[in-house]
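>>> Here you go, sequence then predicted model.
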Amino acid sequence: MKRTDHNARNQHGFTLIELMIVIAIIGILIGAAVYGWKTAQKSGNETATRLNMRTIAEVQLAYYNTHGRNYGTFEQMTKETMLAASKFGGDSPVVDGYILTLKVTPKTPSTPASYTLNADPQSANSGTNHFYLDSSDSNHHVNPAQPAGPGDPVE
């Protein structure tokens, strides 16, 4: 007669503790991956926003040279297809998680035309830094806490 041993150590499979440890490790790895993904997404949004601001500044210069030394609004530049209407349409378009605000001051007999461009995160998930650019300075100014202005550090 064959004797069967029902000893738990001879059985194959995982114990409940082993399964809980594996699930905990998988949870930690997923948490780290999500955190890394969100950080990379914010960084990507900020880089895209800086590039969008550079593009707008270049288009503003072209508009200035072809429209009697005046700068254009988003509406004027998209109407002339200098900027993509699908991306920059409206008064304050939201592009890559950032709200773009363009303020244009027309020229007068005593002052030249000018513009200011602000980019502020739409939410805490879309970015952390605020950016500023104006017609007198081609540098991006950055403020991590509030909307940036000309007195903030240059990036």
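Everything's here; your move.
>>> Follow the chain on from the longest helix along the chain and name the next helix or strand.
Using DSSP state H, we find that the single longest helix of the chain is helix 16-66. Using DSSP states H and E, the next helix or strand after helix 16-66 towards the C-terminus is helix 74-79.
>>> Only C-alpha atoms, please: export that next one in PDB.
Once non-C-alpha atoms are left out, helix 74-79 reads as follows in PDB (Å, rounded to 0.1, in the frame of the first residue of the first chain):
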ATOM      1  CA  PHE A  74      -4.500  85.200 -32.100                       C
ATOM      2  CA  GLU A  75      -7.600  85.800 -34.200                       C
ATOM      3  CA  GLN A  76      -5.700  88.000 -36.700                       C
ATOM      4  CA  MET A  77      -2.800  85.600 -37.000                       C
ATOM      5  CA  THR A  78      -5.100  82.500 -37.500                       C
ATOM      6  CA  LYS A  79      -7.200  84.400 -40.000                       C
END
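>>> Next SSE downstream of it?
Toward the C-terminal end, the helix or strand that comes next after helix 74-79 (DSSP H and E) is helix 85-88.
>>> Show me what the helix or strand following that following helix is in contact with.
Next helix or strand after helix 85-88 toward the C-terminus (DSSP H and E): strand 94-95. Under the criterion CB atoms under 8 Å, 6 or more residues apart in numbering, residues 48-49, 52, 87-88, 100, 122 lie in contact with strand 94-95. To be clear about C-beta, it is placed using only N, CA and C from the backbone, and glycine gets the same treatment.
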